[in-house]
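Enquirer: Got a predicted structure plus its sequence, pasted below:
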Amino acid sequence: MFLEKYKYVLEYDSTATIEKDTIDSILEKTWKITPSKNNFMPYSVFILGQDKQESKDEVYKLCIKQEEISNSIPNIENVRYQNFKPQFWNVVSCSYLLIFTPRVETMPNPWQLHCIQQGNVYDQMNEEKVQNMAKVSSIEIGMFANTFAYFCLEKNIDVSFTMCFSNDVKDWQNVSKDIKYPPTILMSVGKGLRYRQPARHPIEELDFKPNYERIVNFVK
Amino acid sequence: MNPLILKNNKSLIIDETISWQKINHPTRTDDYAKCVRDLTFVFDAYINDLISDSTRNIKYISSRYWFNNERQIKDYEIEIAVHDYMIDYILENIVADQNDLYKNKLIHLKSILTETIRIGPKYMNFGHMHKYQYVMNYDTEKIPESFMIKQSLYEAWSTTPSKQQFMPYNIFVLGPDDKKIKELIYYKALVNEYKTNTPRYDVDESDVVALEKLMVEQRDIPLYANLKTAPYVLICTQRVEDQISPYNKNRTSLGFNFEQTDSAWQTDPKRKNRGQGLAMLEIGMFVQSFANLCLKNNIDISYTRCLPTTMDFWTDPEFSFLENPPQLIMSAGFGKNYRRESNTLISHAVDYRPDFERVVKFIGGTT
């Protein structure tokens, strides 16, 4: 499994079929080996499969809505995307779309119950502290999503991430009534047809990550 | 050898190499501007690796010859011949009178490049997470080589994806000698745990040693006591980008707005920290990659999240390197004993994760 195989997909091959069992087994493997603070796994992964095109189209609208809000540009599809599609167009053509959200635990395991009786307090079980808990759930979602990406790439299945979407949970009810909290990240899965690289324009060649030394610092 | 000699002769070396290519492989390409660009990338990687005594720059640049398991150039033998020529030219004409140490290093860097062009980069295997177990105490006698830690950090940096390439986080690394800072972190976690949970004791919170004694007696040894013995500790914080790449500058001029560059929240508590969720998510991705690489080398890791996460708790001079509060602490070293061994009550029968179906849900009808 090779994370260096990761490349951002602009459009997936919507005619390609990826068996649900394949995705299910990768998800199960990921669930099994991703560590979690106090074993709570305070997140849900909702999956839209190959038969959920309408829901994926709905998610695309929520991405567009957010880009309009963040950039203060109404009707952004006409302003910005007349000649090409936005990067998150991939949510429409992917085979599977994973929607990660925080989750509040209501069924603690026996050890967690024992610790609660001893006086431990767990934000992961407190509906009112979802915002506070979202920091922990985001870190763990990142761990889960990264591992899932590796296992997909190992099988030559492409993935891409999208963080631009409406964070109003009401907007998500048309996608699924099970979504109770604003999503943290979307992850599209499928066979890539068109990728962001190689660059179409010279300026895209200059889209590099910050130098290693600016991210990792050995304390002196 | 002073890498400045190479730097000062950069244009000459690249021009000579291009001229050689034009004569010896005239039909290969018409796009010499692209050749100059690519040779410059490689040349700069050589210089940066010679300066930093590493191989990471050349490994990174050479990996760019491959994409999705496919080599991106057809005539790779000519490509290798061009790079062979460039190094031969440098050795014979630019650094002939310099010492062998650097000349050999340069040859070694070129061999990494050509090997990668031939067979592809050595990718990381992600099948080591099953070795993860929470460490109670690290071995303080046997310490992982710093090279292994540095290499794993570099690989994690180079392979972890980031939204718009911002990497909005910092990883501060404490080494085996930084015992005092690790102990300070331990006590901050201890006070945080005390304040979060019950019962409370008749003790002055600022007397951390007395508080520790009571908590160990009345509760248990905290899991994060592993910070006291961990050879390496990583402090993960959010980072605000203030050096935007040319590409993102261009996007900004087109009206794109990047939350990763918003620093208003740092000075004004009323302003929303819009980039925090993204930073947390990407920290999770980075540490998972790093964890896998450590476990591959049988180096254990553990996480601590029981921490004060506002800057007012981190004002000690020892933490002057922090601009933003820690969000996650990760320790690394060879484990001596582990959580589940240390307490027989914590078996998988009672301390299990939520069922798969409670975490992962296929939306009705999904096939």
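Expert: Yep, that arrived.

Enquirer: so A:E204 sits right up against B:Y247, yeah?
Expert: Yes. In this structure, A:E204 is within contact of B:Y247 by CB atoms under 8 Å, at 6.1 Å. C-beta: built from backbone N, CA, C; applies to glycine.

Enquirer: Could you check which of these two is surrounded by more residues?
Expert: Comparing A:E204 with B:Y247 by other CB atoms under 10 Å in any protein chain shown, the one with more neighbours is B:Y247, at 19 against 13.

Enquirer: Confirm that the more buried one sits in a helix.
Expert: Yes. The assignment for B:Y247 (DSSP: H, G, I helix; E, B strand; the rest coil) places it in a helix.

Enquirer: Excluding covalently adjacent residues, which one is nearest to it?
Expert: Using CB to CB, 6 or more residues apart in numbering or on different chains and skipping the chain neighbours, the partner closest in space to B:Y247 is A:D207 (3.6 Å).

Enquirer: so how many other residues sit close to that neighbour?
Expert: Per other CB under 10 Å, the neighbour tally for A:D207 reads 17.

Enquirer: show me what contacts it?
Expert: Neighbouring residues of A:D207 by CB atoms under 8 Å, 6 or more residues apart in numbering or on different chains: A:199, B:164-165, B:245, B:247-248.

Enquirer: Tabulate the residues you listed (TSV), appending distance to A:Q117 and pLDDT.
Expert: TSV is the format used below for these (distance: CB to CB, whole Å; pLDDT from 0 to 100):
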residue	distance to A:Q117	pLDDT
A:A199	58	66
B:Q164	46	89
B:Q165	47	89
B:S245	52	86
B:Y247	54	85
B:N248	51	88
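
Enquirer: now those: which count as buried?
Expert: B:164, B:245, B:247-248 (16 or more other CB atoms under 10 Å in any protein chain shown).

Enquirer: the strands in the chain, which residues?
Expert: Chain wasn't specified; assuming chain A. Under the criterion DSSP state E, strands of chain A are mapped to A:9-12, A:43-48, A:96-102, A:158-162, A:185-190, A:192-195, A:216-218.

Enquirer: Not quite, go with chain B.
Expert: With DSSP E as the criterion, chain B has strands spanning B:66-67, B:70-71, B:135-138, B:169-174, B:232-238, B:300-304, B:326-333, B:335-338, B:360-362.

Enquirer: was I right about A:V91 contacting A:C63?
Expert: Yes. Using CB under 8 Å, A:V91 is in contact with A:C63, at 6.5 Å.

Enquirer: any low-confidence regions in the chain?
Expert: Since no chain was named, I'll use chain A. A:1-4, A:198-199 (pLDDT under 70).

Enquirer: Please refer instead to chain B.
Expert: Counting by pLDDT under 70, chain B contains low-confidence residues at B:1, B:67-70, B:122-127, B:365-367.

Enquirer: can you list the domains in it?
Expert: With domains defined by automatic domain parsing, chain B comprises B:3-119, B:129-359.

Enquirer: Grab the nearest non-local neighbour of residue 152.
Expert: Defaulting to chain A. Once flanking residues are discounted, A:C152 sits nearest to A:V159: 5.1 Å by CB to CB, 6+ apart.

Enquirer: looking at chain B here, not the other one
Expert: Of all residues not flanking B:S152 in the chain, B:L293 sits nearest, at 3.8 Å (CB to CB, 6+ apart).

Enquirer: Repeat that for B:V82.
Expert: B:V82's closest residue in space is B:Q21 (CB to CB, 6+ apart), at 5.3 Å.

Enquirer: Can you tell me how far the one you found is from B:D75?
Expert: 11 Å (CB to CB, to the nearest Å).

Enquirer: now swap in A:R196 and tell me
Expert: Plainly put, A:R196 is 26 Å away from B:D75 if you go by CB to CB.

Enquirer: Same check on A:K7?
Expert: According to CB to CB, A:K7 stands 23 Å off from B:D75.

Enquirer: Neighbour count: these two, which is higher?
Expert: A:K7 (18 against 13).

Enquirer: I figured that one hits A:Q197, correct?
Expert: Yes. Look at A:K7 against A:Q197 with CB under 8 Å: they come within range, at 5.4 Å.

Enquirer: Quick check: the residue of chain B nearest chain A.
Expert: Nearest to chain A, among the residues of chain B, is B:G284, at 2.3 Å (CB to the nearest CB).

Enquirer: ok, for the residue in chain A positioned nearest to chain B, nearest residue in space, not its chain neighbours?
Expert: Nearest residue of chain A to chain B: A:G142, at 2.3 Å (CB to the nearest CB). Nearest residue to A:G142 in three dimensions, chain neighbours excluded: B:G284, at 2.3 Å (CB to CB, 6+ apart).

Enquirer: residues touching that neighbour, list them.
Expert: A:138-146, B:328.

Enquirer: separation between B:A225 and B:E341?
Expert: For B:A225, the distance to B:E341 (CB to CB) stands at 15 Å.

Enquirer: Which one's more surrounded, the two?
Expert: Neighbour totals were compared for B:A225 and B:E341, and B:A225 leads with 19 against 11 (other CB under 10 Å).

Enquirer: Confirm for me that that one is in contact with B:E183.
Expert: No. If you go by CB under 8 Å, B:A225 and B:E183 don't touch, sitting 10.4 Å apart.

Enquirer: hey, what's the closest residue in space to A:K7 that isn't next to it in sequence bridged with?
Expert: Leaving aside its sequence neighbours, A:K7 sits nearest to A:Y195 (CB to CB, 6+ apart; 4.9 Å). For A:Y195, the beta-bridge partners under DSSP bridges are A:V9.

Enquirer: I figured A:Y195 was touching A:Y6, is that so?
Expert: No. In this structure, A:Y195 is not within contact of A:Y6 by CB under 8 Å, at 10.3 Å.

Enquirer: ok, these two, which is more surrounded?
Expert: Higher neighbour count among A:Y195 and A:Y6: A:Y6, with 20 against 16, using other CB under 10 Å.

Enquirer: Make sure the more buried one is actually in contact with A:V159.
Expert: Yes. The criterion here is CB under 8 Å, and A:Y6 meets it with A:V159 at 7.2 Å.

Enquirer: what's the overlap in contacts for the two?
Expert: Counting by CB under 8 Å, 6+ apart, the shared contacts of A:Y6 and A:V159 are A:149, A:153.

Enquirer: returning to that earlier point: need the overlap of contacts for B:Q21 and B:D75.
Expert: Listed contacts common to B:Q21 and B:D75 are B:R28; contacts here mean CB under 8 Å, 6+ apart.

Enquirer: Enumerate every residue touching residue 208.
Expert: In the absence of a named chain, chain A is used. Contacts of A:F208 by CB under 8 Å, 6+ apart are B:165, B:245, B:247.

Enquirer: my question was about chain B
Expert: Taking CB under 8 Å, 6+ apart, we find B:V208 in contact with B:187, B:190-191.

Enquirer: how about the residues you listed in CSV, adding distance to A:I33?
Expert: Shown next, in CSV, are the contacts of B:V208 (distance: CB to CB, whole Å):
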residue, distance to A:I33
B:Y187, 32
B:L190, 30
B:V191, 33
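
Enquirer: Can you tell me which of the residues you listed end up in helices?
Expert: If you go by DSSP state H, the contacts of B:V208 have B:187, B:190-191 in helices.

Enquirer: Just the buried residues of those.
Expert: When the ones in helices among the contacts of B:V208 are checked for burial by 16+ other CB under 10 Å, the buried set is B:190-191.

Enquirer: how about the ones in helices among the contacts of B:V208 in TSV, adding distance to chain A?
Expert: Compiled in TSV, those are given as follows (distance: CB to the nearest CB, whole Å):
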residue	distance to chain A
B:Y187	18
B:L190	14
B:V191	15
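
Enquirer: For the residue nearest to B:S152, grab the count of nearby residues.
Expert: The burial count for B:L293: 24, using other CB under 10 Å.

Enquirer: try the one 3 residues further on
Expert: Counted with other CB under 10 Å, the burial measure for B:K296 works out to 18 neighbours.

Enquirer: is it true that it touches B:H128?
Expert: Yes. At 4.4 Å, B:K296 and B:H128 qualify as touching, with contact defined as CB under 8 Å.
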